[in-house]
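Trainee: I'd like to go over a predicted model; first the sequence, then the structure.
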Amino acid sequence: MEPREVYLDNSATTRVDPKVTEAMLPYFSQRYGNPNSLHRLGREAREAVDEARAKVAALINAEPTDIIFTGAGSEADNLAIKGAAWALRERGKGCHIITSAIEHHAILDTVKWLGKMGFEYTILPVDSRGMVSPEDLEKAIRPDTILATIMAANNEIGTIQPVRELGEVCRAHGVMFHTDGVQAAGHIKVDVKELPVDMMTMAAHKMYGPKGLGALYVRRGIKLIPTLHGGGQEFGLRSGTENVPGIVGFGKAAELAKERLDAGEDKKIAALRDYLIEGVLSRVPESQLTGAAGDGRLPFHASFTIKYIEGEGMLLLLDAAGIYASSGSACTSGSLEPSYVLLATGLDHATAHGSLRLTMSHETTREDIDYVLEKFPPIVERLRSMSPFWNKR
Amino acid sequence: MYNQKVVDYFMNPRNAGRIEDADAVGEVGNPKCGDVMKIYLKINPQSEVVEDIKFETFGCAAAIATSSMVTELAKGRTLSDALKITNKEVADELGGLPPAKLHCSLLAQEGIQAAAADYYMRRDGKLPDGLTMPKTCIACGCEAGEEEEERFVSEHDRVAE
Ligand code: FES
């Protein structure tokens, strides 16, 4: 088989779609106005921002005025959690927050920081697939609970949470519900008109848009306290001159994502994902899927642990074969603790060290996957031949 | 992140494998921290020269590269000479390691110590003066072999830190 380059790290970031780049370009040096200026260039920029807002809103069936652009998904998470927590506490609603053990650091660290600011919090466990149970959530709700934040889908193990059920529990108890939809938005259908979700985070660069662009959906009527003060842009919630080219790119990316979802491309990619998962599990002995299977996982997401070896070696040997992947192994991050997400699903440390994540894009082909399935098993064998655990198993 | 030499020693490891009828075997590290290194020795009983040495390693690229390097450095030396190999020497011979990976070279140094200790224990039933059996996992400082900590289960009703 011909050597190729196969990028399977789309959960980290995606390639900007050429149509997105094209849409952005004029806003750098032709239509470069500040959307807050009154003249023609300013008006042009304002229109472009409004149009993009409408497209991002359409992706999740929201109203354009419910979308706030931010500088990153992490920033949107911060705005949602701090903004809601402060606003609710100010109104005497309480100070208890609920989240889950496998959230992104933008959530976990923010919640823990609020803990230092006098809030209290509960971190819900997950089951072996990485799912939060609505019953656990309900049990954790206290009279002073103001907010629950549970991700729509996990970046490391691809598990999709039962967002509807979780949201319903929150509704029933009058608790505000935020979901980090960074991995989910643009890849699975999300309709905020029929889901009991009050706030949702998105990021452009996970859906073939530019980096440095996040968005927060905020259901009408919800009051947030801004995390950035200044000129009052973005309905007063995110001051700072708008990143017009980026916003335009986000809009285009959202529009394209919606088209793909409407055309059912998520089903196609899920079939390819299952082919990849099946291929790895059948060709690599003692490998195991992490996270949920089938409809319970993101359509583009495959993740494994390969027993008896460590993730970093796999990444380097895959890289040498032109395959770009990632791992939740501790060694790749320079820390000694493997991924807290994998540990939370009940994996032991040694197994968690052998994690591998392969995340596809809509451009990934069956030939790409066949190439991976050809190259990967010998890499595992090679590393295992050096492993004391494999040899004495 | 890694220099060419480290990559080479990872990609083309020297002395990987095991020695079935080894005169000594040393194992250091802890799977909990992601590194376990096992060193096998064949020793000439008269001269105490390391005639053959092999390693098995569970760990990152740096762990494999340092294992590989330490076996090369030890081969042909007398055991007491091999015991003088320091982690710094291993790292230097590799042209340097990223700071987060320096503990992998410590593991290599301790691997030799553990194997030598096993050799003396088998032969004399005791360790020579000055040699101790490496007991702690250098990487994280935990007691090697210690039971795994209880896993994250629930933090219900956990309050502010
Ligand atoms: S094996 Fe993990 S840092 Fe070396």
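Mentor: Here it is on my side, so go on.

Trainee: next up, the contacts around residue 94.
Mentor: Just so you know, I chose chain A. Neighbour list for A:G94: A:88, A:142-146 [criterion: CB atoms under 8 Å, 6 or more residues apart in numbering or on different chains]. Every residue, glycine included, has its C-beta placed from N, CA and C.

Trainee: sorry, should have said chain B
Mentor: B:3, B:5-6, B:9, B:65-66, B:69, B:105.

Trainee: near the ligand at all, the lengthiest helix in chain B?
Mentor: Identified as the longest helix of chain B according to DSSP state H is helix B:102-124. Yes. Counting by CB under 6 Å from any ligand atom, contacts between helix B:102-124 and the ligand involve B:C104.

Trainee: so which bits of that helix are buried?
Mentor: Using 16 or more other CB atoms under 10 Å in any protein chain shown as the test for burial, helix B:102-124 gives B:102-120.

Trainee: in the stretch 151-300 of chain A, which residue sits nearest chain B?
Mentor: A:E286 (13.8 Å; CB to the nearest CB).

Trainee: am I right that that residue is in contact with A:Y308?
Mentor: Yes. Between A:E286 and A:Y308 there is a contact under CB atoms under 8 Å: 7.0 Å.

Trainee: show me the contacts for A:N155.
Mentor: Contacts of A:N155 by CB under 8 Å, 6+ apart are A:11, A:104, A:182-183.

Trainee: can I get those in JSON lines with secondary structure, neighbour count and pLDDT?
Mentor: Shown next, in JSON lines, are these (DSSP: H, G, I helix; E, B strand; the rest coil; neighbours: other CB atoms under 10 Å in any protein chain shown; pLDDT from 0 to 100):
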{"residue": "A:S11", "secondary structure": "coil", "neighbour count": "24", "pLDDT": "96"}
{"residue": "A:H104", "secondary structure": "coil", "neighbour count": "20", "pLDDT": "96"}
{"residue": "A:V182", "secondary structure": "coil", "neighbour count": "29", "pLDDT": "98"}
{"residue": "A:Q183", "secondary structure": "coil", "neighbour count": "29", "pLDDT": "97"}
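
Trainee: returning to that earlier point: what about the residue of the stretch 151-300 of chain A closest to chain B, neighbour count?
Mentor: Neighbourhood size, A:E286 [other CB atoms under 10 Å in any protein chain shown]: 16.

Trainee: what does the one 3 residues further on give?
Mentor: By other CB under 10 Å, the residues close to A:L289 number 18.

Trainee: what segments of chain B are helices?
Mentor: Using DSSP H, helices in chain B cover B:4-11, B:61-74, B:79-82, B:87-93, B:102-124.

Trainee: how about the stretch 251-393 of chain A?
Mentor: A:265-283, A:311-320, A:330-333, A:340-344, A:349-353, A:366-384, A:388-391 (DSSP state H, counting those that start in this stretch).

Trainee: what does chain B put close to the ligand?
Mentor: B:34-35, B:59-60, B:62-63, B:101, B:104.

Trainee: just the buried residues of stretch A:31-48, please?
Mentor: A:31, A:33, A:35, A:44-46, A:48.

Trainee: thinking again about what came up before, turn the residues of chain B next to the ligand into TSV, including pLDDT.
Mentor: TSV is the format used below for the residues of chain B next to the ligand (pLDDT from 0 to 100):
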residue	pLDDT
B:G34	78
B:D35	86
B:G59	92
B:C60	91
B:A62	94
B:A63	95
B:K101	89
B:C104	89
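
Trainee: the residues you listed: which ones sit near chain A?
Mentor: Contacts with chain A within the residues of chain B next to the ligand, as defined by CB under 8 Å from any CB of the partner chain: B:34-35, B:59-60, B:62-63, B:101.

Trainee: looking at these, which is nearest B:I43?
Mentor: The closest of these to B:I43 turns out to be B:A63 (CB to CB; 24.2 Å).

Trainee: quick check: that closest one touching B:C104?
Mentor: Yes. The pair B:A63 / B:C104 is scored as a contact, 4.4 Å apart, by CB under 8 Å.
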